[in-house]
Structures are given as C-alpha cells and as structure tokens.
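Chemist: Just to be clear, the model below is a prediction. Sequence and coordinates:
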Amino acid sequence: MSTYRPAAQSSPIPFLKGHGTENDFVIIPDPDNALTLSASAVAELCDRRAGIGGDGLLRVVRSAAHPEARSMADRAEWFMDYRNSDGSVAEMCGNGVRVFARYLRRAGLVQAGDLAVATRGGVKKMHIAKDAGTGGDATGPGAITAHMGRALLTEDDVTVAVGDRGWPARNVNMGNPHAVAFVDDLAHAGNLFTAPPVSPASVYPDGVNVEFVVDRGPRHVAMRVHERGSGETRSCGTGACAVAVAAARRDGLDPAVTGEPVTYTVDVPGGRLVITERPDGEIEMTGPAVIVAEGVLDAEWAQRLDTL
C-alpha cells in the first residue's frame, strides 16, 4: 500500500513533536485525510534513531473526512488517528488525546474551554484551561482535562509474570485493555522491553497494556507500564486511569456506591497525572500536554517512506 498518495508528494509534509508526561508523539496534521500511512511508515517516523522518534503517532483529521470517524462528525469535528510506535492501530491514548487537544488549540482550530475529540474509543470530551501557559504542569496553567469515559472491570483471574515472579492483576478496560498488578517495588517489573506474560492469554486476544503499581501515600500511587506495540513508555494516560480505578476498588472505594467522587494522584516516570472517578462512573484525567517542536519532513526522505 502506498504510504503517501501522489498528490501529497509534491507538497511539504509538516509535523510537530509533543508529549504528555513524557509520553511523546509525532503529530501529522492531515485535515483532509490526504495521506495514507502504512504501518511501516509510522514505525519509521517513530524510530528514535532513523526517524523523528516517538511512542506513537497522532494524525489530525477532520472527522467528516475519515471513514472511521464520519459517524462521529456531528459530535466532534476532529478525529485522532492514533498509531502505536510499531505502526499498529490503537483505540485510544489518554496522553495522546491531551497532546492532540493542545495541538488544536495551538493551531487556532479550537478555543480554550470545552471541546470534543473523536477517537476509535469513541468521542472524548476535553477541557483546556483558559489561563495562559504551555501546559507543563499536572494541574497548573494550561493543563488539559480529558473525560475518559467509564472503566469496565471484570472478575477474570489474571496473572502477570516477570521471570519467576507472578502477581494477580485486575482486568480493567478503558476503551483499550489493561492488566493492573500491585507490587512491592517497581523494580520488580524488570526492564519491560518485551511484554510481560499475562495468563490466561485468552482474556486479552488483542494484547494488553500492563501496569505495575506501588503505593506512595493515601490515594497516591506510582506506576510503570508496558504499552502493547510500544514497550515501556514514560507514561500511559489510559493506564493511569485503569490504575486509579483498580486502586480505589482495592481500597474499598466506589463512587457509584458512596455518591462521592474519588481522586487519586498517579506518578509516572515522566511526571504526574490526577485521576478523578465520578459517581456516574465518568473518569477525568488532568495533566500536562506540551508541543516542543515543529518542522517539515525532508521531501526525499518522505518519498522514501513510500516504498515501505
């Protein structure tokens, strides 16, 4: 499959680089859905030595122009076409959707305040703080809140293993699958270069994101994560939401029962996220989103991607 359609080859292809708690992304503005990215081309763009480098790629497309998003166009003008760094398609990315919203605001395509973003995991409601700033702090000026939907928890007996160690894990779905394991030391997660074995594998037929979690204080945890298709990343937004919900249930807290929202602080290697679960089950994630660079792909290099 051609990576770039011929009409696009003669024009410069802009890109940006951004991150949310150091979960970093290549951003490709493509409002008219004029570019077709193969999995190999995405992997090349995300390569940290031969490409721009990133944990994933965000393609910015008008919902009405994309066949997977047209049904959401009446609710969200913009669609986040998210790919993992290996080129595989993913349903949703919590840090990515905040960076996506930051790009839309920076480009003047949306205003501060409330907006909606279409994703393969459904329409996500967002809020961009109106005060000035680059969004570098978890809840400071310019921070972005993403309404992440509801968590689906099941009672599957799931086990996560690293070497000869094993831990029970909580199966949490945030539009994408997660296995959350509470450990005594984050070093027990190993190097996380490869996916930790999860059993039974039948629970996650499409793979799974695995979070290892330790306690830091009351309603305060820290995590490391292996993201399917990307390896260990500095942060995972949907993973932080899954971890907060799993920690709340472990601690005997359920907003649907008490009628009171529950908030957890989740530290990740790249920073801090604040997660609130509401009595109606809606989960809100607040954190930073930063654009760090922009440029144009070298024309010759971009055309070489066409052969991948």
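Modeler: That came through fine. Numbering: from 1, shown residues only.
Chemist: In this protein, what residue spans correspond to helices?
Modeler: For the chain, the helices defined by DSSP state H cover 6-9, 39-46, 94-106, 237-250, 255-258, 299-304.
Chemist: okay, now residue 307: neighbour count?
Modeler: Close neighbours of residue 307, defined as other C-beta atoms under 10 Å, add up to 10. C-betas here are computed from N, CA, C, even on glycine.
Chemist: okay, it: pLDDT?
Modeler: Per-residue pLDDT puts residue 307 at 74.
Chemist: Over to residue 1?
Modeler: pLDDT, residue 1: 35.
Chemist: cool, and residue 6?
Modeler: Reading off the model, residue 6 has pLDDT 41.
Chemist: what do you get for residue 300?
Modeler: Residue 300 is given a pLDDT of 88.
Chemist: Break this protein into its domains for me.
Modeler: Here the domain parsing of the chain from automatic domain parsing is 6-143+290-307, 152-287.
Chemist: Mind telling me which of the ones you listed the model trusts least?
Modeler: Mean pLDDT is lowest for domain 6-143+290-307 out of the domains of the chain, coming in at a mean of 90.
Chemist: Does residue 24 touch residue 57 like I think?
Modeler: No. If you go by C-beta atoms under 8 Å, residue 24 and residue 57 don't touch, sitting 10.5 Å apart.
Chemist: how far away is residue 194 from residue 231?
Modeler: If you measure residue 194 against residue 231 using C-beta to C-beta, to the nearest Å, the figure is 8 Å.
Chemist: Which one of these two is surrounded by more residues?
Modeler: residue 231 (17 against 10).
Chemist: Tell me how many other residues crowd the residue nearest to that one when sequence neighbours are not counted.
Modeler: The shortest distance from residue 231 to any residue other than its chain neighbours is 5.8 Å, reached at residue 193 (C-beta to C-beta, 6 or more residues apart in numbering). When neighbours are counted by other C-beta under 10 Å, residue 193 registers 8.
Chemist: With residue 260 instead?
Modeler: Residue 260: 10 neighbours (other C-beta under 10 Å).
Chemist: correct me, but it touches residue 278?
Modeler: No. Using C-beta under 8 Å, residue 260 is not in contact with residue 278; the gap is 9.4 Å.
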